[in-house]
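> A structural model of the following input is requested.
(2 chains)
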Amino acid sequence: MDDQLHRSLGLTDDELAKIVEILGRDPNHLELAMYSVMWSEHCSYKSSRIHLKRLPTEGKNVLVGPGENAGVIDVGDGIAIALRIESHNHPSYIEPYQGAATGVGGIIRDIFTMGARPIAIMDPLRFGPLEDARSRWVAEGVVSGISGYGNSVGVPNVGGEIVFDETYKGNPLVNVLCVGILPKERLVLGQASGIGNLAVLLGSTTGRDGIGGVSVLASAGFGDEEEDAEKRPSVQVGDPFEEKRLIEACLELLDEGLVVGIQDLGGAGLACAASETASRGGVGMDFNVSAVPQREAGMQPFEIMTSESQERMLAIVEPENLEQVFAICNKWEIRSSVVGKVTPSGALRIVDDFDGEVLGEVPAASLHEDAPLYERPISEPDDMDTAITDQATTLPGPEKIEDDLFDLLMSPQWATSQYDSQLFLNTVVGPGSNAAVLRLKHPTSGEDTGRGMALTTDGNHRWCAINPRIGSAMTVAESVLNLACVGAVPQALVNCLNYCSHN
Amino acid sequence: MNQNIGVVVFPGSNCEKDAMEALADLGATPLLLWHADSDLQGVDAVVIPGGFAHGDYLRPGAIARFSPAMEAIIDFAHNGGPVLGICNGFQVLTEAGLLPGALQKNSGLKFLCKEVELQVESTDSVLTNMTSKGQTLRIPINHFEGNFTCTDETLIELQSQDQIILTYTENPNGSMANIAGICNTTRNVVGLMPHPERACHTLLGSTDGRILLESFIQGAHAAV
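Just a heads-up that it's a prediction; the model follows:
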């Protein structure tokens, strides 16, 4: 095979050697494409997992910790809360509106995948200075993307942060937190089980958008304007109306007890969803690539398996429930197609029709569990000495203190007034405060528990740049204090750590 | 006063539960009506809630107006049944021809979610019959296409027939004549861009929406 192919897909020579060892042969193009997206930093956390493992993840209220689509905690009265925060930084720099919009869409899917109804979004945003034309274009586009998608899909945006700083010129941060509520008994995990069960693909057709998004865009650097423009097709395009119907259909399927496992399709698309559900369930899957509804003709199997087309879910269904699943999908006008069968083998086999040609075959678990783990060398930044010797007493004073004071004044309202912050009649304290406060109502009966739920996001790049350990600790402390300010007791923490590429 | 009030759900609607919660708090019995079903189940009144029916694709309300439920609602309205369109519901009612005019993009070309002050211009409608003329109400708006427009002739008709029921005291979206809500000539069909259901609970900042929904529930009672 082409000995440069693996490199152009973002795999190293050592990683290719490991794939050959796992398979006992050279991978074909399709298999290589699946490893390349699944072993990207975005999907495998190969450079960060070693550090993330040190985080505390257990507690008496924790129902689901890291490793699933979202964390879930028990909040009493039979109610559980699902929460997750994620970034969509690089796509938002290349194509601000769609980058931010699909970031919202992706995190919402992570929440309803767990059986929770998404009830709130928060957006911590970091942009370059508004004096810079491109930063202004990014900021305007990101805010309208969040507004356009979030309002239409029907999840209120109750707070967040906006910071402008030179650091983010050319590298904005677009993070999004989503919170959902569920009756505890509706909790569902993203795993396949039951030999002979069917994998049903729900939602949008699969197109060529977002192919290699995780390996081309995520965690990569940027070049000149022309190169950036070439990457634009790697950004997916969102359809909030499709997602809204998908939410309603999936929650109805779960309420009716018609699915045994469900997984959203995000980074690495079907390759990820099929291998993760099979691997978590300790089973294999035959995946019929020709049964996937396609947006355009002539798509190659590797394109179908790695496409990041939005608004798709993979549900694991017992064959006897299939007709009912189709009926609910028809009611909500979403596509549903049987694309996979759960097998006892442990292998993910990509086939052209269930009894047709085998196009690729890899151990399902190897796509993520066998991803390499790296302990990258650690060193202090070169300019650390000068950075920490700055003393307030030795820095030059302001030339005109009035100007500096006016510079500090900023209203985030131009952004927050573009977001529906009130839907579901929960928002007691909305955007612009220490923490948002929402009424806690039972997710199915709607009964008011009389209790509230508080949410905050915090970050401080200056603290963390000077002293990562103390800076992070102070950031956690700040978020706890923000919750205390509205009278809440902290229950759970999720994080979204935005670092530059390890290279 | 246990009125059955139907709340229509289109794919893409999102304020239906909120409308039901507010109506139930005020003593009515709300029930969901599915867009594909032409049976209104004998309800005493109909609410078309906010949201993005059919994704607002083509134009807000442009696809929803063809739903089987809408055909039934048009008959219901022509027979004097009370119909209230909130936000996207207002857009659906103008597309369906039950109310005159149209809602175009806000003059600022941005989505706007904020509390605004409304003034009651007419108490002669199924939504405002318990209010007093000149009364001000604080109620949130939440829309991109809330800028009411119509022909000069239609505006003169609306004014001469007292069909403008609510106006903004400070125009947030460029609406012609500061219009926030209107009714039809028989006063039983009303549409407004602000969300009264979001102003029914002290914890949510305002309870000024209650008097409007109470009027509507009362109107449903009178129409039976």
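> and the closest residue to chain B within chain A, what is it in contact with?
Nearest residue of chain A to chain B: A:Phe241, at 2.8 Å (CB to the nearest CB). (Each C-beta comes from the backbone N, C-alpha and C, glycine too.) A:Phe241 sits next to A:152-153, B:11-12, B:52, B:54-57 when contact means CB atoms under 8 Å, 6 or more residues apart in numbering or on different chains.
> What is the nearest of those residues to A:Gly65?
Proximity of the contacts of A:Phe241 to A:Gly65 (CB to CB) peaks at A:Val153, which lies at 27.0 Å.
> any idea how far the closest one is from A:Ser290?
31 Å (CB to CB, to the nearest Å).
> between the two, which one's more packed in?
A:Val153 (28 against 15; other CB atoms under 10 Å in any protein chain shown).
> Pull out the buried members of the contacts of A:Phe241.
The neighbour-count criterion (16 or more other CB atoms under 10 Å in any protein chain shown) marks A:152-153, B:11-12, B:52, B:54-56 among these as buried.
> Mind putting the residues you listed into TSV with pLDDT?
Below are those laid out as TSV (pLDDT from 0 to 100):
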residue	pLDDT
A:Ser152	98
A:Val153	98
B:Pro11	97
B:Gly12	97
B:Phe52	98
B:His54	96
B:Gly55	96
B:Asp56	96
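> For those residues, give me TSV that also has secondary structure and distance to A:Gly432.
As requested, the buried ones among the contacts of A:Phe241 are exported to TSV (DSSP: H, G, I helix; E, B strand; the rest coil; distance: CB to CB, whole Å):
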residue	secondary structure	distance to A:Gly432
A:Ser152	helix	23
A:Val153	helix	22
B:Pro11	coil	33
B:Gly12	coil	28
B:Phe52	coil	25
B:His54	helix	33
B:Gly55	helix	29
B:Asp56	helix	27
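> What is the most widely separated pair among these?
A:Val153 and B:His54 (13.7 Å).
> ok, longest helix in chain B?
helix B:210-223 (DSSP state H).
> Determine the set of other helices and strands touching it.
Counting contacts by 3 or more CB pairs under 8 Å, 6 or more residues apart in numbering or on different chains; DSSP states H and E, helix B:210-223 is packed against helix B:16-25, strand B:45-48, strand B:136-143.
> between that helix and strand B:136-143, how big is the angle?
90 degrees (axes from the mean of the first three to the mean of the last three CA atoms, to 10 degrees).
> tell me the mean pLDDT over helix B:210-223?
Helix B:210-223 shows a mean pLDDT of 90 in the predicted model.
> Give the buried residues for the helix or strand bottoming out on mean pLDDT in chain B.
For chain B, using mean pLDDT, DSSP states H and E, the weakest element among its helices and strands is helix B:210-223, scoring a mean of 90. Using 16+ other CB under 10 Å as the test for burial, helix B:210-223 gives B:210-220.
> Equivalent analysis for stretch A:314-321, please.
Applying 16+ other CB under 10 Å to stretch A:314-321 flags A:314-317, A:321 as buried.
> Can you tell me what sits against that stretch?
A:191-194, A:196-202, A:250, A:253, A:258-265, A:270, A:273-274, A:277, A:281, A:325, A:339-340, A:342.
> let's go with 7 Å and repeat that
Here stretch A:314-321 makes contact (CB atoms under 7 Å, 6 or more residues apart in numbering or on different chains) with A:192, A:194, A:196-202, A:253, A:258-263, A:265, A:273-274, A:277, A:325, A:342.
> before we move on, what about stretch A:246-255?
So stretch A:246-255 is contacted by A:112, A:115, A:117-118, A:186, A:188, A:202-203, A:259, A:262, A:311, A:313, A:315, A:325, A:328-329, A:332, A:334 (CB under 7 Å, 6+ apart).
> repeat that for 6 Å
A:112, A:115, A:186, A:188, A:203, A:259, A:311, A:328-329, A:332, A:334 (CB atoms under 6 Å, 6 or more residues apart in numbering or on different chains).
> contacting residues for A:Ala101?
A:145, A:148-149, A:238.
> how about a cut-off of 10 Å?
For A:Ala101, the contacting residues are A:88, A:91-92, A:95, A:141-142, A:144-150, A:152-153, A:235-240, A:310, by CB atoms under 10 Å, 6 or more residues apart in numbering or on different chains.
> Which among the residues you listed count as buried?
Of the contacts of A:Ala101, these count as buried by 16+ other CB under 10 Å: A:88, A:91-92, A:95, A:141-142, A:144-150, A:152-153, A:235-236, A:238-240, A:310.
> May I have the phi/psi pair for the nearest residue to A:Met114 once chain neighbours are set aside?
In space, and not counting its chain neighbours, A:Met114 is closest to A:Ala82: 4.4 Å by CB to CB, 6 or more residues apart in numbering or on different chains. For A:Ala82, the backbone dihedrals (degrees, to the nearest 10) come out as phi -110, psi 140.
> what's the neighbour count on A:Ala82?
A:Ala82 has 28 nearby residues by other CB under 10 Å.
> try B:Leu58
B:Leu58, neighbours per other CB under 10 Å, totals 10.
> helix, strand or coil for it?
coil (DSSP: H, G, I helix; E, B strand; the rest coil).
> so how far is the host helix or strand of the residue of chain A closest to chain B off the chain centroid?
Here A:Phe241 sits within helix A:240-255, counting by DSSP states H and E. Its chain's C-alpha centre and that of helix A:240-255 lie 18 Å apart, by CA atoms, centre = their mean, to the nearest Å.
> which element follows that helix toward the C-terminus?
Using DSSP H and E, the first helix or strand after helix A:240-255 is strand A:261-264.
> So which other helices or strands are in contact with that next one?
If you count contacts as 3 or more CB pairs under 10 Å, 6 or more residues apart in numbering or on different chains; DSSP states H and E, strand A:261-264 packs onto helix A:96-112, strand A:198-203, helix A:240-255, helix A:269-280, strand A:312-317.
> Tell me how far the residue of chain A closest to chain B lies from A:Ser336.
Distance from A:Phe241 to A:Ser336, by CB to CB: 17 Å.
> Flag the shaky bits of the chain, pLDDT-wise.
Looking at chain A here, since you left the chain open. A:1-2, A:212-234, A:502-503 (pLDDT under 70).
> try chain B instead
For chain B (pLDDT under 70), the answer is B:1, B:223-224.
> Residue in it with the shortest distance to chain A?
For chain B, CB to the nearest CB, closest residue to chain A: B:Gly55, 2.8 Å.
> Quick check: that residue touching A:Glu242?
Yes. Counting by CB atoms under 10 Å, B:Gly55 does reach A:Glu242; the two are 8.0 Å apart.
> what sits in contact with each of these two?
With CB under 10 Å, 6+ apart, B:Gly55 and A:Glu242 have common neighbours A:153, B:11-12.
> just curious, which of these is nearest to A:Gln422?
Closest to A:Gln422, out of all of those and judged by CB to CB, is A:Val153, at 15.2 Å.
> And for that closest one, nearest residue in space, chain neighbours not counted?
Per CB to CB, 6+ apart, closest to A:Val153 is A:Pro240, 4.1 Å.
> Contact partners for the one you found?
Per CB under 10 Å, 6+ apart, neighbours of A:Pro240: A:101-102, A:104-105, A:108, A:148-155, A:310-311, B:12, B:52, B:55-56.
> At which residues are the strands of chain B located?
B:4-9, B:29-34, B:45-48, B:83-86, B:102-104, B:112-120, B:136-143, B:147-149, B:164-168, B:179-183, B:189-192 (DSSP state E).
> which strands and helices sit next to the longest one?
Applying 3+ CB pairs under 10 Å, 6+ apart, we find strand B:112-120 packed against helix A:133-153, helix A:413-416, strand B:136-143, strand B:164-168, strand B:179-183, helix B:210-223.
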